[in-house]
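1. please work out how this folds:
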Amino acid sequence: MERIGGRRIIPVDVRVITATNKDLDEAMSHGTFRPDLYYRLKVIHIAVPPLRSMREDITPLAGHFLEQFVRELGKERLELTA
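-> Residues are numbered from 1 along each chain as shown. Have a look, this model is predicted:
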């Protein structure tokens with residue numbers, strides 16, 4: 001990589017991770033997303049369903065984060081109720 005206005009090449013090693021809640025295939029077909037950027041970014045597609053479609057995961061996730069915050073804040077153990 002060369003800085004703007006620079007004269008020497010600086011070696012870089014980067015990875016770009018992107019996320020969106022939009023359908024990029026649809027946005028590209030409507031012309032609201034650049035095709036060249038789409039093809040550079042779409043190397044590996046990981047579809048993560050919304051939490052509302054995995055209701056059984058909500059309680060364990062809430063419990064995990066509650067335990068994490070209790071530890072970080074030095075509070076007494078808390079429990080979730082129905």
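
2. for stretch 58-78, what is the average pLDDT?
-> Averaged over stretch 58-78, pLDDT sits at 90.

3. just the C-alpha atoms of it, please, in CSV.
-> C-alpha atoms of stretch 58-78 as CSV (Å, rounded to 0.1, in the frame of the first residue of the first chain):
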residue,chain,number,x,y,z
ILE,A,58,-33.0,-16.2,24.2
THR,A,59,-33.0,-17.5,27.8
PRO,A,60,-29.5,-19.1,27.6
LEU,A,61,-28.1,-16.0,25.9
ALA,A,62,-29.6,-13.7,28.5
GLY,A,63,-28.2,-15.9,31.3
HIS,A,64,-24.7,-15.8,29.7
PHE,A,65,-24.7,-12.0,29.5
LEU,A,66,-26.1,-11.6,33.0
GLU,A,67,-23.3,-13.8,34.4
GLN,A,68,-20.8,-11.9,32.4
PHE,A,69,-22.0,-8.5,33.7
VAL,A,70,-22.2,-9.8,37.3
ARG,A,71,-18.6,-10.9,37.1
GLU,A,72,-17.4,-7.7,35.5
LEU,A,73,-19.3,-5.4,38.0
GLY,A,74,-18.5,-7.6,41.0
LYS,A,75,-22.1,-8.0,41.9
GLU,A,76,-23.9,-10.9,43.7
ARG,A,77,-25.2,-13.7,41.5
LEU,A,78,-28.5,-12.8,39.9
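
4. run through who's touching that stretch.
-> 51, 80 (C-beta atoms under 8 Å, 6 or more residues apart in numbering). No exception for glycine: its C-beta is placed from N, CA and C like everyone else's.

5. run the chain-centre distance for that stretch.
-> 22 Å (C-alpha atoms, centre = their mean, to the nearest Å).

6. again, but for stretch 28-37
-> 20 Å.

7. centroid residue for this structure?
-> Taking C-alpha atoms, centre = their mean, the centroid of the chain lies closest to residue 19, which sits 4.7 Å from it.

8. from residue 47, how far out is that one?
-> 11 Å (C-beta to C-beta, to the nearest Å).

9. just to revisit the earlier point, from residue 46, how far out is the residue nearest to the centre of the chain?
-> Residue 19 is 9 Å from residue 46, by C-beta to C-beta.
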